[in-house]
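A.B. asks: Here you go, sequence then predicted model.
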Amino acid sequence: MTDWTETELSALRRAYASGTTRVSYDGKSVDYGSSEDLLSRIRTIERAFAGTTRPLPIAGLAGFSRGDR
């Protein structure tokens, strides 16, 4: 696993908030292909910091019943 830092995560969040896909931190620069790629990296690092590697749920399925079985 790569050792991520709070500095990197902060830089990623700033870039995402400003609408850019180029991130610079600690003398490094990374160009992400899209804002979705950038957000995915942010979520990956957040999960690693939280101690889980399980993907976060995006949406659930709703169920309903008309009550006339």
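C.D. replies: Looks like it arrived, so ask away.

A.B. asks: switch to C-alpha atoms for all contacts and neighbour counts from now on
C.D. replies: Will do.

A.B. asks: mind listing the helices for the protein?
C.D. replies: 6-18, 35-50 (DSSP state H).

A.B. asks: tilt between the last one and helix 6-18?
C.D. replies: Computed with axes from the mean of the first three to the mean of the last three Cα atoms, to 10 degrees, the direction of helix 35-50 lies at 150 degrees from that of helix 6-18.

A.B. asks: can you pull the pLDDT of the residue nearest the centre of the chain?
C.D. replies: For the chain, the residue nearest the mean C-alpha position is residue 43 (2.3 Å; Cα atoms, centre = their mean). For residue 43, the pLDDT comes out at 94.

A.B. asks: Over to the one 5 residues further on?
C.D. replies: Each residue has a pLDDT score; the one for residue 48 is 89.

A.B. asks: swap in the one 5 residues further on?
C.D. replies: You'll see residue 53 listed with a pLDDT of 57.

A.B. asks: same question, the one 4 residues further on
C.D. replies: Listed pLDDT for residue 57 reads 64.

A.B. asks: go on, the one 3 residues further on?
C.D. replies: The pLDDT attached to residue 60 in the predicted structure is 66.

A.B. asks: sorry, back to before: of all the helices of the chain, which one is nearest residue 28?
C.D. replies: Of all these, helix 6-18 sits nearest to residue 28, with 9.8 Å by Cα to Cα.
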